[in-house]
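Undergrad: 3D model of this:
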Amino acid sequence: MSDIEKRSRTITGKVVSNKMDKSITVLVERRVKHPVYGKYVSKSSKVHAHDAQNECSIGDVVTVKEVRPISKTKTWSLVSIDEKAAQA
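TA: You can find the predicted model right below:
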């Protein structure tokens, strides 16, 4: 494992879209404390990640890592599927 792989950021989130070919959209939520009022607020952001085998489905909890830009919006890549979504 090289130094670059050790430093790469990883985040965990929920897959909200897998309609693209070899790509997923991951919703990442975090809780931050309001600077004035002290109340915890949920903030969220969406990232596009590379899913080479098209193995993710909507509702899966996944871990993604930061990589070199793959396209205009994709700078993350799928590491693992932590939890599969319940099939209805």
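Undergrad: Please report how far the spatially closest residue to R68 that is not a sequence neighbour lies from K22.
TA: Once flanking residues are discounted, R68 sits nearest to T75: 7.4 Å by CB to CB, 6 or more residues apart in numbering. (Glycine included, C-beta is placed from N, CA and C.) Counting by CB to CB, to the nearest Å, the gap from T75 to K22 is 15 Å.
Undergrad: Which helix or which strand is home to the residue most central in space within the chain?
TA: Most central in the chain under CA atoms, centre = their mean is V26, positioned 4.2 Å from the mean C-alpha point. Using DSSP states H and E, V26 maps to strand 23-33.
Undergrad: Which elements pack onto that strand?
TA: Packing partners of strand 23-33 (3 or more CB pairs under 8 Å, 6 or more residues apart in numbering; DSSP states H and E): strand 10-17, strand 40-50, strand 61-66, strand 74-83.
Undergrad: Give the buried residues for the second one.
TA: Neighbour counts using 16 or more other CB atoms under 10 Å place 47-50 of strand 40-50 among the buried residues.
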